[in-house]
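1. Quick one, fold the following:
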Amino acid sequence: MLPDLLDSEGKIVFISSVTTSLPTPSFAAYGASKAALEGFTRSLRVELEGRVEVQVIRPGATRTGMHQKVGMSKAKTRRFASPEKVAKEIFLAIQGKDRVVTVGRMNKLVTLVGPLLKWGPRHFKNPACHNVLITGAADGIGKALTLFYLNQGCRVIGVDRNEESGRALSTRHKKFQFIHADLFQDLRWADTLPTVDLVIHNAGINSTGPFETLESEEQDKVIELNLVVPLLLCAKLLKHRARTVFISSLSYFVSYPGASTYAATKDGLAHLACSLQGDSHTLTVFPGPVRTSHARRHSPDNRREASRMEPNHLARLIGAAHRRGNRMLIPGLSAKGAAILGLVLPRAAEKLMKKVIYERFQPGNKKFKNEGSP
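-> As a prediction, this is how the structure comes out:
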């Protein structure tokens, strides 16, 4: 619909949910999907600034049939707002210029206190891990994590579609078991895994450039691998009661114009991690630029590649944060500074990201392809 919206200088309204401000342990997939939607809008808004308005509206619980479909009794939904009342408030919100509108007084309060529940006090310190599962283990951050845990004396099961790199690792390290699998197509290997006590969801790909120029098939792959696969794997692996690490992105705090779909998946992944805290200890990692071939491939400017964090250093920081029982990790002083800027002055962070990333994706430049290594 973007061509018509661009011609008319129109407006896009996304109906999200107040649940994006809270962990959603009873409906983790729903919460993750709405968080992903908001992550998408934050980056898309920067891309479309001055051409198309992008607005997010967050209603709270509404008295529809959706709750009965998932087992909630009618009696419990009587206190929810009526669809008519919520629709009226949405209509009024659309007439305004606010970028994000939360519907209802109590829901507005939830958006203020909810983040404290998402990233609350850390867990108890974790015992040493013996059996570790890492997705995307053959290259980049995944390979660095594989080598880190092997050096700690752990047994590592690595899953990757890069058979050559995976086999080479298994030849050099006796404690490394390689599973050659394309996560887009096959998760059956997860049904026969030996017991693992740490799972690291690292596999991910990107697709960069102005959103309106990207192929929908590429966006489908990014969503599938970065968000849907971890969600399905979590469901399969909950029986292990393993501690879990999710590799999200600094885009959670600062947006990522030029990679709006990628930003969406990483926001959804972070929300999923919060929602699963009751089932296992989870650590969510929000790395900034890391010196990998994947980052090089999707960056519009690699002249400052030397300033990016080394994967091995990131792996050590993740291992230390996991041992301490942290719930979140923003690795590096520059990443922490960017995250603070995004929280305190979000529009300033958006302007910065637009200048240093999005404006460098100019028409006519080389086409960036979805060639990440799951």
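
2. My understanding was that Asn126 contacts Arg243; is that so?
-> Yes: with contact defined as CB atoms under 8 Å, Asn126 reaches Arg243; the gap is 6.0 Å. All C-beta spots, glycine's among them, are computed from the backbone N, C-alpha and C.

3. Show me the common contact partners of those two, please.
-> Taking CB atoms under 8 Å, 6 or more residues apart in numbering as the criterion, Asn126 and Arg243 both touch 281, 322.

4. show me where the stretch 251-374 of the chain has strands.
-> Assigned by DSSP state E, counting those that start in this stretch, the stretch 251-374 of the chain shows strands spanning 282-285, 328-329.

5. chain center to the last one, what's the gap?
-> When you say that, I think you mean strand 328-329. When distances are taken as CA atoms, centre = their mean, to the nearest Å, strand 328-329 is centred 13 Å away from the chain's centroid.

6. and what of stretch 108-120?
-> Distance, stretch centre to chain centre, for stretch 108-120: 18 Å (CA atoms, centre = their mean).

7. Now do the domain split for the protein, please.
-> Per automatic domain parsing, the domain ranges recorded for the chain read 2-118, 131-360.

8. any idea how far the residue nearest to the spatial centre of the chain lies from Arg45?
-> Of all residues in the chain, the one closest to the mean position by CA atoms, centre = their mean is Lys266, 1.4 Å from it. Noted for Lys266: a distance of 17 Å to Arg45, by CB to CB, to the nearest Å.

9. For Ala270, give me its contacts.
-> Per CB under 8 Å, 6+ apart, neighbours of Ala270: 35, 246, 248, 252, 284, 286.

10. circling back: could you dump the domains of the chain into CSV and include mean pLDDT?
-> As requested, these are exported to CSV (pLDDT from 0 to 100):
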stretch, mean pLDDT
domain 2-118, 92
domain 131-360, 94
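
11. end to end, how far does stretch 174-188 reach?
-> End-to-end span of stretch 174-188 (CA to CA, to the nearest Å): 24 Å.

12. residues in contact with that stretch?
-> For stretch 174-188, contacts defined as CB under 8 Å, 6+ apart pick out 135, 137-138, 146, 150, 153-161, 163, 166-167, 169-170, 189, 203, 221, 224-225, 229, 232-233, 236, 374.

13. mind listing what's buried in it?
-> For stretch 174-188, burial by neighbour count (16 or more other CB atoms under 10 Å) applies to 176-181, 183, 187.

14. Check stretch 224-240 too.
-> Within stretch 224-240, the residues that count as buried by 16+ other CB under 10 Å are 224-231, 233-234, 237, 240.

15. Cool, thanks, talk later.
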